[in-house]
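Colleague: here is my input, please return the structure:
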Amino acid sequence: MHKLHNTPAGRVFDVFNHIVLLIIGLVAFIPFVYVIAGSFATEAELVRRSFFVFPETFSLEAYKYVFSTGTFIKSIGVSIFVTVIGTIVSLALTMTMAYPLSRKTLLGKNLILNIIILTMVFSPGMIPLYIVVRSLGLLDTYWALILPLAINPFYLIIVKAFFQNLPNELEEAAKIDGCSEIGIFWKIVLPLSKPVIATFTLFYAVFYWNDFFQALLYISDSAKYPVQLLLQQIVMLANTKIGEVDSLVEPPEETLKLAVIVVATIPILIFYPFLQKHFAKGVLIGSVKG
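Modeller: Predicted structure coming up:
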């Protein structure tokens, strides 16, 4: 393989690949740079200049408006709580359900898998799910943001495939040493599953952090709004009083939208590098075979 890259054709191919990947990277990166730059610009500059990466006049008006909301800090805490607890709950349920489904000795395994796949193809819909949440008394609680979508069926199938790829010899050796099924799962399977755990920690965390629709459906108490829903309200109701924001203050509408995107995105960007080394490995290992 190394010799192929040393040939003229191989070098041309490498250069072509680098150019294509650089273009794709710029296409993905430059819009976000514009969003950041625009959030620090003035309204007049944003209207006058269609695109820029450095604002002519540095302004913090949009961020001052966002952070002047009395409930903003609390909404950040709500989102952090829902993201952390939701990710832990989702990982625990996904792992503990995927492991027995990966064992050949589980009775009714195919039936359970078919039911799981059925939920991927046919969704019950918003109204039946709302009725279930209301019947369980979860309306206006943080659990309404976690439990209804705690297990992603697609993630579950990938984790199951990952567990199936683990060597059976390890399980057999542990049973000979007198280890129980729970002991095998806790002491052997989970330590070997760091890549897939890191991968779906990121997936679930991004989902819980970005989700506002569940809160829009199930939360009516504004004190329990997650940050995504609050920011949506700030954008939609920019000319009215939100929390402790004075309704007489004219909000910077265009820069406000960009500041909202930055505030909502940066926490995930900070979180991602800590899991990056496990990310690609976890996805590939889990999708080798089902």
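Colleague: in the stretch 151-290 of the chain, where is pLDDT below threshold?
Modeller: 235, 237-252, 275-290 (pLDDT under 70).
Colleague: what residue, apart from its backbone neighbours, is nearest Leu101 spatially?
Modeller: Lys160 (5.0 Å; CB to CB, 6 or more residues apart in numbering). From N, CA and C alone the C-beta is placed, and that goes for glycine too.
Colleague: now Gly70, what's its secondary structure?
Modeller: coil (DSSP: H, G, I helix; E, B strand; the rest coil).
Colleague: how near is it to Val33?
Modeller: Distance of Gly70 to Val33, given as CB to CB, to the nearest Å: 31 Å.
Colleague: repeat for Thr201
Modeller: 28 Å.
Colleague: please apply the same query to Gly108.
Modeller: 53 Å.
Colleague: look up phi and psi at Pro55.
Modeller: Per-residue torsions, Pro55: phi -70, psi 140 (degrees, to the nearest 10).
Colleague: now do the spatially closest residue to it that is not a sequence neighbour, the pLDDT please.
Modeller: The shortest distance from Pro55 to any non-neighbouring residue, by CB to CB, 6+ apart, is to Ala41 (3.7 Å). For Ala41, the pLDDT comes out at 88.
Colleague: next, count neighbours for Ala41.
Modeller: Counted by other CB atoms under 10 Å, the residues lying close to Ala41 total 27.
Colleague: ok, Ile234 next?
Modeller: Going by other CB under 10 Å, the residues that sit close to Ile234 add up to 23.
Colleague: where's Gln228, which helix or strand?
Modeller: If you go by DSSP states H and E, Gln228 is part of helix 227-236.
Colleague: from Lys104, how far out is Lys160?
Modeller: 12 Å.
Colleague: try Thr83
Modeller: Relative to Lys104, and taking CB to CB, Thr83 is found at 36 Å.
Colleague: and for Val227?
Modeller: Separation of Val227 from Lys104 (CB to CB): 45 Å.
Colleague: more neighbours: the two, which one.
Modeller: With neighbours defined as other CB under 10 Å, Val227 and Lys104 compare such that Val227 has more, 27 against 7.
Colleague: hmm, that one is touching Ser79, no?
Modeller: Yes. With contact defined as CB atoms under 8 Å, Val227 reaches Ser79; the gap is 4.3 Å.
Colleague: how is the protein divided into domains?
Modeller: With domains defined by automatic domain parsing, the chain comprises 2-59, 64-286.
Colleague: and those, which is most packed in?
Modeller: domain 64-286 (a mean of 16; mean count of other CB atoms under 10 Å).
Colleague: run the chain-centre distance for that one.
Modeller: 7 Å (CA atoms, centre = their mean, to the nearest Å).
Colleague: the protein: strands as residue ranges?
Modeller: In the chain, no strands are defined using DSSP state E.
Colleague: tell me where the model's unsure across the stretch 1-150 of the chain.
Modeller: Using pLDDT under 70, the stretch 1-150 of the chain drops low at 1-6, 69.
Colleague: please, where are all the helices along it?
Modeller: For the stretch 1-150 of the chain, the helices defined by DSSP state H, counting those that start in this stretch occupy 2-6, 8-39, 43-48, 61-67, 72-101, 109-121, 126-135.
Colleague: so which of the ones you listed is nearest Lys175?
Modeller: Comparison of the helices of the stretch 1-150 of the chain against Lys175 by CB to CB identifies helix 72-101 as nearest, at 14.8 Å.
Colleague: by contact count, what packs against that closest one?
Modeller: If contacts are counted by 3 or more CB pairs under 8 Å, 6 or more residues apart in numbering; DSSP states H and E, helix 72-101 sits against helix 109-121, helix 153-164, helix 194-210, helix 227-236.
Colleague: what angle separates it from helix 109-121?
Modeller: Helix 72-101 and helix 109-121 are oriented at 150 degrees to each other (axes from the mean of the first three to the mean of the last three CA atoms, to 10 degrees).
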